[in-house]
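Engineer: structure of the sequence below:
(chains A and B)
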Protein chains: 2
Amino acid sequence: MKKLRAEYAEMASHGYKLNMARGVLSKAQLELTQDMLTALVTPDQCCTESGTDCRNYGLLDGIPEAKRLMADILGIQPHKVIVGGNSSLNLMYDAVARNLLFGTEDVKEPWAKQGKIKFICPVPGYDRHFAICEALGIEMINVDLLDDGPDMDAVEKLVSSDPQIKGMWCVPKYSNPTGTVYSDKVIRRIASLKPAAKDFRVFWDNAYVVHSLYGEPAKQLEILAEAEKQGNPNMIYEFASTSKISFPGSGVAVIASSPENIEEIKHRMGVQTIGHDKLNQMRHVRYFKNMDGIREHMKEHAAIIAPKFKLVTDTLKRELDGLDIARWTEPEGGYFVSLDIYIGSASRVYILMSELGVTLTPAGATFPYHLDPNDRNLRIAPTFPPIDELKIACDALCLCVRIAALERLRHHKK
Amino acid sequence: MKKLRAEYAEMASHGYKLNMARGVLSKAQLELTQDMLTALVTPDQCCTESGTDCRNYGLLDGIPEAKRLMADILGIQPHKVIVGGNSSLNLMYDAVARNLLFGTEDVKEPWAKQGKIKFICPVPGYDRHFAICEALGIEMINVDLLDDGPDMDAVEKLVSSDPQIKGMWCVPKYSNPTGTVYSDKVIRRIASLKPAAKDFRVFWDNAYVVHSLYGEPAKQLEILAEAEKQGNPNMIYEFASTSKISFPGSGVAVIASSPENIEEIKHRMGVQTIGHDKLNQMRHVRYFKNMDGIREHMKEHAAIIAPKFKLVTDTLKRELDGLDIARWTEPEGGYFVSLDIYIGSASRVYILMSELGVTLTPAGATFPYHLDPNDRNLRIAPTFPPIDELKIACDALCLCVRIAALERLRHHKK
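Structural biologist: Next comes the predicted model:
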């Protein structure tokens, strides 16, 4: 312990200011799409193929070209999508809020008038999903995220028995934070759920649908078609965006669902806005052109960030393997590594890291209400820091994990 | 009547396809800002003055430069604004929905849990305001819009006596559709309302704040400061956008309120989105630079659209003056002319015009629930059509107004 303390003191003396907290793009990644900023949508090229001037009002559900591109990314047909503004989170929040205020196509009674409603949250999961539920007063029920997706035995039991369960969050590919790829078997079980609530909805956040680190993205069953096949055509809302393809602040987001749901959403959305930013949609279409363009582009992202993921997992392996105090995921895509450490020590590691000048995602963030029942999960976001800074942060992380584990072990002995 | 019918038949033979329905910018207006589309935000100029990269996540309330510009447009301080996405309508809808779901800073009980709530709607007014209330189940109470603003005797009586009245829509400058400029006396009376509901809010849609047709925009009391002075610091939400300054589809919107309200809104909005499109905010800042830039630019808009307004009012005068079947506004700014015609004939004129191939805003649209109690008000939107088309549309309008009036008169005689 003395040696670890000395190492810690040495590190602290540097006064670092590093950040591994959020899935932010690095400068090198932002520069990949720099040509999108200029000269792509010139005044004489402002019209869609259907003749609408992108500069003016109109086209609530997006320009046809962007609907096609976003549908291609999701592997579905364009009539199932609405292209939104710059934020898929906003589309998700609005989808929940809409159901609270208006109910759904299948049950007109607003969720807000149906008493206490609940969502299933596979854990560990994405803090901003949980924040939406918490803000809107929706009770969250933890279900374990297993290696091939949510624990479907638990999900089926809950959803089929409790009509107050109205929703479930899913990040089906390269989950935040574990990198889990849902198996087709799990996807089929989700698509064929028999919910007690006729207005149950799956919030399918396909945030990392094309975001593989090595080679082609994982292939998965397409959920909308599968749900339709299983007699649940309206059960799925799917979301994605180009936030981690083009620009996090100025991408293009999409919501996809059954044609019936899409009509319902457009009907409501048409009161909320006249339309989203079509010039930005056009910029994206002109830049990426089609799925081949997206695929090629994602390889460039992978070339920048895959070495960062390797550095994280290599360091964890070198420093912590065999100590029996940590296990971690080795994702094939997405933006995070999930690190489980010695029980009861995650919040201590967060503090130790802060004092070294390294910002981590707060311990507990990957669970509803910020309550990690075992205080053991940390989400590592390696994409933002330059690799030399990331190296320091990873070394610091392993050191703090060891110190916090030893502290706990000593405490237990007392 | 025979002569009018013959004129109508002649017009119908042309098979026109004209549109005077909405406040849309003409091609010439869209071209004013064409340089904003390219080369303004280059990769080496993506950072705000505070050092945030506009391409990445962050800055929920907007980049400092854009906050300053939008605050200048409203004549207020930047800490009272949040710069949003491309749609002020979206900010308004979200403001109402937020209060329905969460209540306000002053009364935590959500509006949705307070029984039937009501909004005051000065009439004639903006159809999209009324659509928000209708969609969200908020009862609307008509109050006459007089020459200097809403009938404040009626407003004061209603607001001070009924705690279910939670809101009021206002378009204080160059109102939609009448072009009314609220007098300072009216603004002071609004700012010093004594609402029975502590969570009463004025939705101050300053959509046309700099949109004068002739010379400098009208000067008005600044509502936020006045409300604060009158002991109602949190009573006002103000809105505006650059939709009719830069691009209707890709402008920048703003919500302004007391610092306390702004904190509350940011707290809620931070669950809904990580931030709005900062690159587009930066484009606007680089292009307009400051209020002088905005002022100069609005003169260019006025140069294009003022002759169209003149054509409308000149035609109305030439064709209808002295017939005692119509009166109309002669706005100094904004996007509309309000035309009151012979009682009971507005919906007939809409149909007659449609059959000639000229799309008008539907009769009734300027009233809650699409119910114009006198079926007499029409909103004329002259900005979109080229002037030669507008000339035809105006001639057609006057013809249809006369035909419909004669039809009604004959009907009455029977």
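Engineer: list the beta-bridge partners for the closest residue to A:His211 other than its chain neighbours.
Structural biologist: Among residues not flanking A:His211 along the chain, A:Gly333 sits closest, at 5.0 Å (CB to CB, 6 or more residues apart in numbering or on different chains). In this view, the C-beta of every residue, glycine as well, is placed from N, C-alpha and C. Beta-bridge partners recorded for A:Gly333 (DSSP bridges): A:Ser212.
Engineer: A:Gly333 reaches A:Asn206, doesn't it?
Structural biologist: No: if you go by CB atoms under 8 Å, A:Gly333 and A:Asn206 don't touch, sitting 11.7 Å apart.
Engineer: centre of the chain to the lengthiest helix in chain A, how far?
Structural biologist: Taking DSSP state H as the criterion, chain A has its longest helix at helix A:291-320. Averaging C-alpha positions (CA atoms, centre = their mean, to the nearest Å) puts helix A:291-320 17 Å from its chain's average.
Engineer: quick check: buried residues in it?
Structural biologist: Using 16 or more other CB atoms under 10 Å in any protein chain shown as the test for burial, helix A:291-320 gives A:294, A:297-298, A:301-302, A:304-306, A:308-309, A:311-313, A:315-316, A:319-320.
Engineer: after the strand ranked longest in chain A, heading C-terminal, what element do we hit next?
Structural biologist: Among the segments of chain A that qualify as a strand by DSSP state E, the longest is strand A:139-146. The helix or strand immediately downstream of strand A:139-146 is strand A:149-150, counting by DSSP states H and E.
Engineer: residues in contact with the helix or strand that that following strand is followed by?
Structural biologist: Per DSSP H and E, the first helix or strand lying C-terminal to strand A:149-150 is helix A:152-161. Here helix A:152-161 makes contact (CB atoms under 8 Å, 6 or more residues apart in numbering or on different chains) with A:120, A:141, A:143-144, A:165, A:168, A:186, A:189-190, A:193-197, A:200.
Engineer: next, the angle from helix A:152-161 to strand A:139-146.
Structural biologist: For helix A:152-161 against strand A:139-146, the angle between stretch directions is 150 degrees (axes from the mean of the first three to the mean of the last three CA atoms, to 10 degrees).
Engineer: return helix A:152-161 as CSV; C-alpha atoms alone will do.
Structural biologist: Provided in CSV are the C-alpha atoms of helix A:152-161 (Å, rounded to 0.1, in the frame of the first residue of the first chain):
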residue,chain,number,x,y,z
MET,A,152,-35.1,-11.8,-21.1
ASP,A,153,-36.5,-14.2,-18.6
ALA,A,154,-36.9,-11.3,-16.2
VAL,A,155,-38.1,-8.9,-18.9
GLU,A,156,-40.8,-11.3,-20.1
LYS,A,157,-42.0,-12.0,-16.6
LEU,A,158,-42.2,-8.3,-15.7
VAL,A,159,-43.7,-7.1,-19.0
SER,A,160,-46.4,-9.8,-19.3
SER,A,161,-47.6,-9.4,-15.7
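Engineer: list the buried residues in that helix.
Structural biologist: Result for helix A:152-161 [16+ other CB under 10 Å]: buried residues A:152, A:154-156, A:158-159.
Engineer: tell me the contacts of A:Ala218?
Structural biologist: Going by CB under 8 Å, 6+ apart, the list of residues near A:Ala218 reads A:173-174, A:181, A:212, A:332-333.
Engineer: before we move on, back to that, distance of the residue nearest to A:His211 relative to A:His301?
Structural biologist: 10 Å (CB to CB, to the nearest Å).
Engineer: what touches both of the two?
Structural biologist: With CB under 8 Å, 6+ apart as the test, A:Gly333 and A:His301 both reach A:His211.
Engineer: just to revisit the earlier point, the longest helix of chain A packs against which elements?
Structural biologist: Helix A:291-320 is packed against helix A:27-32, helix A:64-74, helix A:278-288, strand A:337-340, helix A:387-413, with contacts defined by 3 or more CB pairs under 8 Å, 6 or more residues apart in numbering or on different chains; DSSP states H and E.
Engineer: which of those comes out lowest on mean pLDDT?
Structural biologist: Ranked by mean pLDDT, those end with helix A:27-32 in last place, scoring a mean of 90.
Engineer: tell me the bridge partners for A:Gly167.
Structural biologist: With DSSP bridges as the rule, A:Gly167 is bridged to A:Phe119, A:Arg201.
Engineer: that one touches A:Arg201, doesn't it?
Structural biologist: Yes: contact criterion CB under 8 Å: A:Gly167 and A:Arg201 qualify, at 5.1 Å.
Engineer: who has more neighbours out of these two?
Structural biologist: Neighbours were counted for A:Gly167 and for A:Arg201 using other CB atoms under 10 Å in any protein chain shown; A:Gly167 has more, 27 against 24.
Engineer: who in the stretch 51-200 of chain A is up against chain B?
Structural biologist: A:53-58, A:85-87, A:89-90, A:93-94, A:97, A:100-102, A:112, A:128, A:131-132, A:135-136 (CB under 8 Å from any CB of the partner chain).
Engineer: can you rerun that using 10 Å?
Structural biologist: A:52-59, A:63, A:84-94, A:96-98, A:100-102, A:110, A:112-113, A:128, A:131-137 (CB under 10 Å from any CB of the partner chain).
Engineer: which residue packs closest to A:Met92, ignoring adjacent ones?
Structural biologist: A:Phe239 (5.6 Å).
Engineer: tilt between whatever helix or strand that neighbour lives in and helix A:64-74?
Structural biologist: Element membership of A:Phe239 [criterion: DSSP H and E] is strand A:236-241. Strand A:236-241 runs at 110 degrees relative to helix A:64-74, counting by the same axes, to 10 degrees.
Engineer: which neighbours do A:Gly167 and A:Arg201 share?
Structural biologist: A:95-96, A:99, A:111, A:119, A:195, A:237 (CB atoms under 10 Å, 6 or more residues apart in numbering or on different chains).
Engineer: list just the nearest of the residues you listed to chain B.
Structural biologist: Set against chain B, the nearest of those by CB to the nearest CB is A:Val96 (9.9 Å).
Engineer: so that closest one lies in a helix, does it not?
Structural biologist: Yes: per DSSP: H, G, I helix; E, B strand; the rest coil, A:Val96 lies within a helix segment.
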